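Trainee: here you go, sequence then predicted model.
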Amino acid sequence: MASEPVNVNDFEELARFALPKMYYDFYAGGAEDECTLRENIQAFYRITIRPRVLVDVSQIDMSTTILGHHISAPILVAPTAAHKLAFHEGELATARAAAAAKTIMVLSYSSTCSIEEVASSCNAIRFFQLYIFKRRDISALLVQRAERFGYKAIILTVDTPRLGRREADIKNKMIAPPVKNLEGLITIDVNTDQGSKLETYANEMLDASLRWEDIGWLRSITTLPILIKGVLTHEDATKAVEAGVDGIIVSNHGARQLDFAPATVSVLEEVVHAVKGKIPVLLDGGVRRGTDVFKALALGALAVLIGRPVLFGLAAKGEEGVRNVLEMLKNELETTMALSGCPCIKDITRSHVRTRYDNLPSML
Ligand SMILES: Cc1cc2nc3c(=O)[nH]c(=O)nc-3n(C[C@H](O)[C@H](O)[C@H](O)COP(=O)(O)O)c2cc1C
Ligand SMILES: CCCCCCC(=O)C(=O)O
């Protein structure tokens, strides 16, 4: 058994120990050769920080505001499926940990606790992640339920017209975890003996014909802000602004969809420049350190979201593990801000980081 975790990476080993192989592989895995999975992490390593000295950093304020909601630090819980595979209380434990950390939890549509259960379990600020299904009436119903139960935004995931090829799940014949939100609404036959049942399930449900025009449909059924998750290019960022969405999440779905999609942090600036400050840009993918959060903010993200670290914390230690993960990242960010001469979030600027493409003298 590994020693007490001192950083969020340590939780992965604990989770591997705690979980059945099928579930660990489901959480940890990426698409095909997992090139993007590695790149999401490696791209952060290629960015260095340019610290400033002799700044008063006796007080550090990491708090920020997302869509009008004040939170303790720019670190949100990303939507991830099936938390009960990690811990028996599932998303209820995650939501309580998010509330304790005074941050936002994005509840996945594919949760193992329902929209209503999570809403009544704690007072975390909650957003709801949505897919648009072939059965559009079901998507509409989920939006209505989220709205009625106090979720503050809809996160529309747009990188999943079908499920990516997660080869570990194919080999393990991954189950399709029960989706609590769909109980009593639809039954999909996943009785295949071949490959991932989750893939079969997803491909039955998802509407692969979705187009930009359909954002208008979503807008017509909700007054909540809509963020789209899964943008990786300036072309799509421009279309997102034109489509009238309220925010963008630069994401490659934790490298679980298209292998050889770019690392998210490597395309963040491209998206930020295209958006021209009109709507907020957030990022997820590979954030494992406070320095990663700092780098993403310096490149123009308003905040980041974390996926696997939350799942690994949950698998290792339940609610306490998720709290630990969020606190560790916040502590690391605070240290990074102090050592870089940035007392407040707004003090973190583009000139606090250097990428390989920045034209500064003395680049090795
Ligand atoms: C096990 C797992 C399940 C996920 N489920 C969803 C989901 O239901 N909806 C969604 O939009 N994204 C989902 N994602 C993607 C995350 O929201 C997020 O984009 C990704 O995990 C960020 O990368 P990270 O894990 O490196 O932090 C999932 C990711 C993982 C690892
Ligand atoms: C109907 C869609 C199922 C999606 C499964 C959850 C997910 O997004 C993942 O990455 O896993």
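Mentor: Yep, it's here. Ligands and ions are numbered 1, 2, ... in the order given.

Trainee: next up, the contacts around the residue of the stretch 1-150 of the chain found nearest ligand 2.
Mentor: Distances between the stretch 1-150 of the chain and ligand 2 by C-beta to the nearest ligand atom are smallest at Ala81, namely 3.7 Å. Where C-beta positions appear, they are placed from N, C-alpha and C, glycine not excepted. Residues near Ala81 by C-beta atoms under 8 Å, 6 or more residues apart in numbering: 108, 110-111, 177.

Trainee: now with 7 Å, please.
Mentor: Residues near Ala81 by C-beta atoms under 7 Å, 6 or more residues apart in numbering: 108, 110, 177.

Trainee: can you report how many residues neighbour the last one?
Mentor: Right, the one you point to is Pro177. Each residue near Pro177 was counted by other C-beta atoms under 10 Å, and the total is 20.

Trainee: for Leu141, helix, strand, or coil?
Mentor: helix (DSSP: H, G, I helix; E, B strand; the rest coil).

Trainee: on that earlier part again, of the contacts of Ala81, list those near ligand 1.
Mentor: Near ligand 1, taking C-beta under 6 Å from any ligand atom as the test, the members of those found are 108, 110.

Trainee: got JSON lines for the contacts of Ala81, with distance to ligand 2 too?
Mentor: Shown next, in JSON lines, are the contacts of Ala81 (distance: C-beta to the nearest ligand atom, whole Å):
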{"residue": "Ser108", "distance to ligand 2": "7"}
{"residue": "Ser110", "distance to ligand 2": "4"}
{"residue": "Pro177", "distance to ligand 2": "8"}
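
Trainee: quick check, nearest of the contacts of Ala81 to Ala153?
Mentor: Ser108 (13.9 Å; C-beta to C-beta).

Trainee: isn't the closest one up against Gln129?
Mentor: Yes. In this structure, Ser108 is within contact of Gln129 by C-beta atoms under 7 Å, at 5.1 Å.

Trainee: now the strands for the stretch 201-350 of the chain?
Mentor: Here the stretch 201-350 of the chain has its strands, by DSSP state E, counting those that start in this stretch, at 226-231, 247-250, 281-284, 303-306.

Trainee: is the last one anywhere near ligand 2?
Mentor: No. Strand 303-306 stays out of contact with ligand 2 when judged by C-beta under 6 Å from any ligand atom, the minimum separation being 13.5 Å.
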